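# Please work out how this folds:
(one chain, ligands or ions: 3)
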Amino acid sequence: SHSSSLSSSDAETISRFQHYLQINTSQPTPNYHQVADFLIFQAKSISLESQAIEFVQGKPFVLIQWLGTNPNLPSILLYSHTDVVPFEPEKWKYDPFSAHIDQNGNIYARGSQDMKCVGMQYLEAVRRLKASLFQPLRSIYLAFSPDEEIGGQDGAAKFVESEVFKSLNIGVVLDEGLASPEENYRIFYGERISRRIGITATGEPGHGSRLYDNSAAENLMKSLETIRRFRASQFDMIKAGLKKEGEVVSVNMVYSKAGTPSPTGFVMNVQPSKAEAGFDIRVPPTADIESLERRIADEWAPASRNMTFQFVRKGPVHDVFGNPLITKTNSSNPWWDLLKDAIQMAGGKLQQPEIFPASSDARFFRQLGLPVFGFSPMENTPILLHDHNEFLNQEVYLKGITMYESIIRAYASYVEFGGNKESKDEM
Ligand SMILES: CSCC[C@H](NC=O)C(=O)O
Ligand SMILES: [Zn+2]
Ligand SMILES: [Zn+2]
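Ligands and ions are numbered 1, 2, ... in the order given. Model (predicted):
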């Protein structure tokens with residue numbers, strides 16, 4: 001199934017996706033202005049108002065609006081980010097910004113899965129709903145945000161603090177998920193909390209031949225052993241099928257630093273007086289993060305071993321109401337029932353809802369207590385985000401648009417708020 005087998009309207013849809021993919025928005029120098037122009041052009045082509053807001057100069061945030069017939073009801077936010085991660089050109093079969101389509105209909109591009117697909121699918125779904133003369137009751141907003149891949153401080157974080165955001169009166173948010181290698185889509189109701197630490201050991205320097213206690217490197221190595229054992233205990237639960245990726249604590253060493261540089265590399269016969277290592281730690285949103293912090297202080301970097309540790313930018317673990325950062329996936333949350341039913345009605349099948357193993361901008365909305373679902377409709381697709389040769393099949397992409405048509409229709413038509421089942425069933 002390659003492009004020649006597509007209807008002319010599907011071929012145009014794929015070609016618009018290719019145009020979006022062809023804009024190089026890779027960090028650290030994304031071409032944000034070109035992307036903003038492209039999105040505003042797309043909005044105009046379906047007669048929607050849009051604006052590019054520079055909360056931070058040079059980093060436009062594009063907001064597209066489809067007003068509902070009752071704009072007083074809480075609105076729907078269809079959220080995506082426009083930046084993509086860097087790439088290693090020599091590792092790719094095709095130029096990562098060519099959006100080349102191979103004979104299987106696979107579209108190769110950085111961002112094809114993460115997450116230009118979703119942003120463009122929202123737009124295509126809205127395009128079709130408008131063409132069918134559908135009238136939303138609730139207002140729908142499409143947000144295209146910068147800088148998700150580098151932490152969202154100049155993107156989502158600025159947006160949620162803005163007056164514009166307050167004026168939108170958002171009731172529910174859709175954000176990204178992950179591809180599913182199986183037939184059923186994956187869906188995410190929360191994400192792990194990111195904790196990054198650096199641990200440092202200090203000790204007396206000495207001759208490289210001497211065995212003595214409390215050298216910096218020896219003390220750091222004890223920590224590495226302990227951390228490695230903890231890591232294995234978490235990973236074993238996944239390997240045994242007892243837990244999913246998002247349900248355990250991950251800890252991975254991301255740098256190590258010690259030694260005295262010399263013209264030929266490092267001085268080899270002096271034991272260093274300082275040794276450091278950095279870790280990327282991810283904690284499930286319902287885990288006891290304080291007990292992990294105690295473990296770090298007592299076992300990973302104990303003062304008794306001349307060790308210190310520091311966290312890098314610690315985000316909150318609860319929302320503004322003091323609740324864990326998770327979205328309810330039971331019938332107490334009408335947005336969950338609507339989403340589940342809308343996907344099913346469009347012929348999609350869902351796996352059990354999961355915790356997203358990494359971070360996305362969803363956390364900024366969950367911190368406000370808003371319900372957020374992470375969903376990227378990619379079934380029978382290998383998980384290639386941040387990987388070489390990222391691709392998405394064109395048929396999978398097109399099917400995803402029909403999912404969003406169904407979801408937007410259901411969300412934008414939802415009358416009741418607060419789970420009056422009877423009135424919902426009458427609709
Ligand atoms: C904690 S902010 C960094 C966000 C980043 N998101 C995508 O990969 C991540 O490392 O998960
Ligand atoms: Zn992403
Ligand atoms: Zn990413």
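# CA atoms for contacts and neighbours, from now on please.
Fine.
# Centroid-nearest residue for this protein?
The C-alpha lying nearest the average C-alpha coordinate of the chain belongs to S360 (C-alpha atoms, centre = their mean; 3.0 Å).
# what sits against that one?
Neighbour list for S360: 148, 176, 191 [criterion: C-alpha atoms under 8 Å, 6 or more residues apart in numbering].
# Sitting in helices, which of the residues you listed do you find?
Of the contacts of S360, none are assigned to helices by DSSP state H.
# Can I get those in TSV including distance to ligand 1?
Shown next, in TSV, are the contacts of S360 (distance: C-alpha to the nearest ligand atom, whole Å):
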residue	distance to ligand 1
E148	6
E176	10
E191	9
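# hmm, back to that, now the residue nearest to the centre of the chain: phi and psi?
The phi/psi pair for S360 (degrees, to the nearest 10) reads phi -140, psi -180.
# Touching, E176 and M378? I think so.
No - applying C-alpha atoms under 8 Å as the test, E176 and M378 come out as separate, 10.8 Å apart.
# ok so, going back, please tell me how far the residue nearest to the centre of the chain sits from N104.
30 Å (C-alpha to C-alpha, to the nearest Å).
# G119 too?
For G119 relative to N104 (C-alpha to C-alpha), the value is 23 Å.
# Which of those two has more residues huddled nearby?
In this view G119 and N104 are compared by other C-alpha atoms under 10 Å, and G119 has more residues nearby, 25 against 12.
# okay but P205 is in contact with S273, surely?
Yes - in this structure P205 lies within contact range of S273 using C-alpha under 8 Å: 4.8 Å.
# what's the closest non-adjacent residue to E245?
The shortest distance from E245 to any non-neighbouring residue, by C-alpha to C-alpha, 6 or more residues apart in numbering, is to P357 (6.0 Å).
# Ok, N269 next?
G208 (4.1 Å).
# tell me the contacts of the one you found?
With contact taken as C-alpha under 8 Å, 6+ apart, G208 is in contact with 268-271.
# what about 10 Å?
Contact analysis of G208 by C-alpha atoms under 10 Å, 6 or more residues apart in numbering lists 267-272.
# do the same with R366
172-173, 189-191, 318-320, 323-327, 372-373.
# of the residues you listed, closest to ligand 1?
Nearest to ligand 1 out of the contacts of R366 is E191 (C-alpha to the nearest ligand atom; 9.3 Å).
# hang on, the closest one packs against A362?
Yes - assessed by C-alpha atoms under 10 Å, E191 is found in contact with A362 at 8.1 Å.
# Looking at these two, which is more packed in?
With neighbours defined as other C-alpha under 10 Å, E191 and A362 compare such that E191 has more, 28 against 25.
# if we can go back for a sec, what's the PyMOL line that selects buried ones from the contacts of R366?
PyMOL command restricting the contacts of R366 to the buried ones, with burial defined by 16 or more other C-alpha atoms under 10 Å:
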select buried, resi 172+173+189+190+191+318+319+324+325+326+327+372+373
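# Would you indicate which residues of stretch 146-158 are buried?
146-149, 152, 154-158.
# residue boundaries of the helices in the chain?
Using DSSP H, helices in the chain cover 8-22, 32-45, 116-131, 156-161, 163-168, 216-239, 289-295, 334-345, 362-366, 394-413, 421-426.
# what's the least confident stretch among those helices?
Lowest mean pLDDT within those: helix 421-426, at a mean of 41.
# Kindly indicate which of the contacts of G208 lies nearest ligand 1.
P272 (31.2 Å).
# how near is the residue lying closest to S223 once chain neighbours are set aside to ligand 1?
Nearest residue to S223, sequence neighbours excluded (C-alpha to C-alpha, 6+ apart): W300, at 5.0 Å. Applying C-alpha to the nearest ligand atom, to the nearest Å, the value for W300 to ligand 1 is 21 Å.
# Same question for S180.
According to C-alpha to the nearest ligand atom, S180 and ligand 1 sit 17 Å apart.
# Just the pLDDT at that residue, thanks.
98.
# what do you get for K314?
Value for K314, per-residue pLDDT: 88.
# So what's the residue count around it?
Residues near K314, counting by other C-alpha under 10 Å, number 11.
# mind checking the backbone torsions on it?
phi -90, psi 110.
# show me what contacts it?
With C-alpha under 10 Å, 6+ apart, K314 has these contacts: 193-197.
# could those residues go into TSV alongside distance to ligand 1?
As requested, those are arranged in TSV below (distance: C-alpha to the nearest ligand atom, whole Å):
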residue	distance to ligand 1
I193	8
S194	5
R195	8
R196	9
I197	12
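# Quick check: the farthest pair among these?
Farthest-apart pair in the contacts of K314 is I193 and I197; separation 13.1 Å (C-alpha to C-alpha).
# ok, these two, which is more surrounded?
The neighbour count for I193 versus I197, taken as other C-alpha under 10 Å, is higher for I193 (26 against 20).
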